[in-house]
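>>> I'd like to go over a predicted model; first the sequence, then the structure.
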Amino acid sequence: GFKNLILANLDTPTIKDGSKHFNTALYTGNSGTAFSVTGVGFKPDWLWAKPRSLADNHRLQDIVRGSTTQLISNSTGAEFTQSQGITSFDSDGFTVGTHNGLNNGTNTYVAWNWLAGNTTGSSNTDGSINTTATTANTTAGFSISTYTGTGSGATVGHGLGVKPSVVLVKCRS
């Protein structure tokens, strides 16, 4: 057995319950009738959804661009409006519309939900490129920003107040 036991003195976490800032929702489609998915625990600001029971697209929607504006993360295509995908972000989850990309038959789906600032965002002038809209959750270290690139090296404000560890960028056009 072990003769010595080493215990680490871990700092008290800033966020004691991560599900207040990020949560996963699993649901089953019902072939074309809109329905609410609840149990997220907050109104999501960014939602990444995909089927689990079949191979299909990863669909990203956020509060800044509007719940019905989608990006397909596994595609180079531009953002587009899908009025019957995720139709709204709700106080404890979201509403799934009738589109078969997120509500097909009895297929199963996963939706990863993040909490940013629960606003549609405002401009941010902290970088060399001003953002059109930024909403930030500084407690969780998560924000959403939209901006127009210049084709040259630049900095973009994000509203977090500290250097982010990870940045995801997707061309919307």
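That came through fine.
>>> What backbone torsions are found at the residue most central in space within the chain?
Per Cα atoms, centre = their mean, the C-alpha nearest to the average position across the chain is that of Trp46, at 2.5 Å. Per-residue torsions, Trp46: phi -140, psi 130 (degrees, to the nearest 10).
>>> check contacts around it.
Trp46 is in contact with Leu60, Gln61, Asp62, Ile63, Asn113, Trp114, Ala116, Phe142, Ile144, counting by Cβ atoms under 8 Å, 6 or more residues apart in numbering. In short, each C-beta sits where N, CA and C put it, glycine included.
>>> Over to Phe42?
Phe42 makes contact with Lys20, His21, Asn23, Ser91, Asp92, Asn113, Leu115 under the criterion Cβ under 8 Å, 6+ apart.
>>> returning to what we had before: just send the contacts of Trp46 back as a markdown table, with neighbour count and pLDDT too.
Shown next, in a markdown table, are the contacts of Trp46 (neighbours: other Cβ atoms under 10 Å; pLDDT from 0 to 100):
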| residue | neighbour count | pLDDT |
| --- | --- | --- |
| Leu60 | 21 | 95 |
| Gln61 | 27 | 95 |
| Asp62 | 25 | 94 |
| Ile63 | 22 | 94 |
| Asn113 | 24 | 97 |
| Trp114 | 19 | 96 |
| Ala116 | 24 | 94 |
| Phe142 | 22 | 91 |
| Ile144 | 25 | 92 |
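>>> Give me the buried entries from the contacts of Phe42.
Burial by neighbour count, 16 or more other Cβ atoms under 10 Å: within these this picks out His21, Asn23, Asn113, Leu115.
>>> Strands - which of the residues you listed land there?
Asn23, Asn113 (DSSP state E).
>>> Look up the pLDDT of the residue nearest to the centre of the chain for me, please.
pLDDT recorded at Trp46 is 95.
>>> before we move on, the earlier item: of all pairs in the contacts of Phe42, which one is the farthest apart?
Farthest pair in the contacts of Phe42 (Cβ to Cβ) is His21 and Ser91. Separation: 15.5 Å.
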